[in-house]
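In: sequence unknown, structure follows:
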């Protein structure tokens, strides 16, 4: 029983650290903003797996694009992982 608890603890820790690693692998705002206009269009968002599907939710101010804060919030929230991650 003790070995099982230890194994489960290790597996849980690995799962948590893997999630953090995925979030750290998200492309930077500058990488996604390919035309460098300071915002991410829906077309640019399509380059990030799963972000297009969550674009409307990520666009907090409803202006049809993502600013740096909206993009970072979406990445930290894990929206990109729901579509398959990167």
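Out: It's in. Bear in mind that the values here come from a model prediction, so they are computed numbers and not experimental data.
In: how about low-confidence regions in this protein?
Out: Scanning the chain with the threshold set as pLDDT under 70 gives 1-24, 78-86.
In: repeat that with 90
Out: Scanning the chain for pLDDT under 90 picks out 1-26, 49-50, 75-86.
In: Just the helices from it, written as ranges.
Out: Using DSSP state H, the helices found in the chain span residues 2-24, 29-32, 42-45, 55-58, 68-77, 79-82.
In: what packs against the fourth one?
Out: On a contact count with 3 or more CB pairs under 8 Å, 6 or more residues apart in numbering; DSSP states H and E, helix 55-58 meets helix 42-45, helix 68-77. C-beta here means a position set from N, CA and C on the backbone, and glycine is covered the same way.
In: ok, residues contacting that helix?
Out: By CB atoms under 8 Å, 6 or more residues apart in numbering, the residues outside helix 55-58 that reach it are 42, 45, 51, 66, 70-71, 73-74, 79.
In: Let me have these in JSON lines, extended by neighbour count and distance to residue 27.
Out: Below are these laid out as JSON lines (neighbours: other CB atoms under 10 Å; distance: CB to CB, whole Å):
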{"residue": "42", "neighbour count": "14", "distance to residue 27": "16"}
{"residue": "45", "neighbour count": "23", "distance to residue 27": "11"}
{"residue": "51", "neighbour count": "26", "distance to residue 27": "10"}
{"residue": "66", "neighbour count": "26", "distance to residue 27": "13"}
{"residue": "70", "neighbour count": "20", "distance to residue 27": "15"}
{"residue": "71", "neighbour count": "26", "distance to residue 27": "10"}
{"residue": "73", "neighbour count": "15", "distance to residue 27": "15"}
{"residue": "74", "neighbour count": "24", "distance to residue 27": "12"}
{"residue": "79", "neighbour count": "18", "distance to residue 27": "14"}
